[in-house]
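**Student:** just need the structure, nothing else, for what follows:
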Amino acid sequence: MKPIDVFKALSNESRIQILQWLKEPNLHFTPHEGIDMTETGVCVSQITDKLNMTQSTASQYLSILQRAGLITTKRIGKFTYYQRDEEAILNMAEYMKQEM
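**Tutor:** Now for the predicted structure:
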């Protein structure tokens, strides 16, 4: 995880919002096909609907967050589910505390 990539990923309000929603997915999303969102994550279609934007834009935002190391993906069948990477977020917080 490069700090500059994290800062770039967080430079967009919608991407910050995605991370906030993924922190407590059960408060912000309806489960997708019986999936435990805490265990598995949130489907891109759920995020797309909540952002009220196209799936390609939402997918691009999720890709940026993934490349920055802030979220992970899990593929189940034809669906991709997204979760926060809590360890990476804690590491970034520690980096900021120590280095900034």
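**Student:** tell me where the protein has helices.
**Tutor:** With DSSP state H, the ranges of helices along the chain come out as 3-9, 13-23, 25-28, 44-51, 55-67, 86-99.
**Student:** and the last one, which residues are buried?
**Tutor:** Of the residues in helix 86-99, those scored as buried under the neighbour-count criterion (16 or more other C-beta atoms under 10 Å) are 88-89, 92. C-beta coordinates here come from the backbone N, C-alpha and C atoms, glycine included.
**Student:** of all the helices of the chain, which lies closest to Ile76?
**Tutor:** Ranking those by proximity to Ile76 (C-beta to C-beta) places helix 44-51 first, at 12.1 Å.
**Student:** what ranges of the protein fall below the confidence cut-off?
**Tutor:** For the chain, not a single residue meets the criterion pLDDT under 70.
**Student:** distance check, Arg15 against Phe7.
**Tutor:** Separation of Arg15 from Phe7 (C-beta to C-beta, to the nearest Å): 11 Å.
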